[in-house]
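K.L.:
Whatever this is, show me its structure:
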Amino acid sequence: RNSIKLEDLLKEIPKFYFIKDKISCEWQDKGRIIQQLAQEYLPTDIELFEGVKIKDKRGWTLILPDSAKPLFNIYTEGFSEEYAEELSVFYKEKIKNLLKSQK
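P.N.:
Next up, the predicted model:
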């Protein structure tokens, strides 16, 4: 219709890099961790639903408690492979530290 080739359109779509990770936790820690993350990042651009999605200039991270297992699923998307890895590692370590802080 606009005489644009599909390959040209694909070149214009920005690349994103996605990482899925998980971290084990106790069942009773799920709500506390989500609440602590929400409180810490509330002044910034976050979305709350079953978990917390934290937006960053490098991408975003969704921390979602698993409904069937005692763990958090961590979904990260970055504007580069390095950004995605940085965000994933940062939030995984943050969750580990929050889990340790109550023991």
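K.L.:
Which strand or helix spans K92?
P.N.:
helix 81-101 (DSSP states H and E).
K.L.:
Now do that helix: everything it contacts.
P.N.:
Helix 81-101 has contacts (Cβ atoms under 8 Å, 6 or more residues apart in numbering) with 16-19, 21, 23, 25-26, 29, 32-33, 36-37, 54, 56, 58-61, 63, 72, 74, 76-78. No exception for glycine: its C-beta is placed from N, CA and C like everyone else's.
K.L.:
Got the confidence number for R1?
P.N.:
We have a pLDDT of 66 for R1.
K.L.:
The one 5 residues further on too?
P.N.:
At L6, the predicted lDDT confidence score is 83.
K.L.:
quick one: which helix or strand includes the residue nearest the centre of the chain?
P.N.:
Nearest residue to the geometric centre of the chain (Cα atoms, centre = their mean): T61, 1.8 Å. Element membership for T61 (DSSP H and E) is strand 59-65.
K.L.:
what's the angle between that strand and helix 81-101?
P.N.:
40 degrees (axes from the mean of the first three to the mean of the last three Cα atoms, to 10 degrees).
K.L.:
How far does strand 59-65 sit from its chain's centre?
P.N.:
On the basis of Cα atoms, centre = their mean, to the nearest Å, strand 59-65 is displaced by 2 Å from the centre of the chain it belongs to.
K.L.:
before we move on, the earlier item: relative to K11, how far out is the residue nearest to the centre of the chain?
P.N.:
From T61 across to K11, the span is 27 Å (Cβ to Cβ, to the nearest Å).
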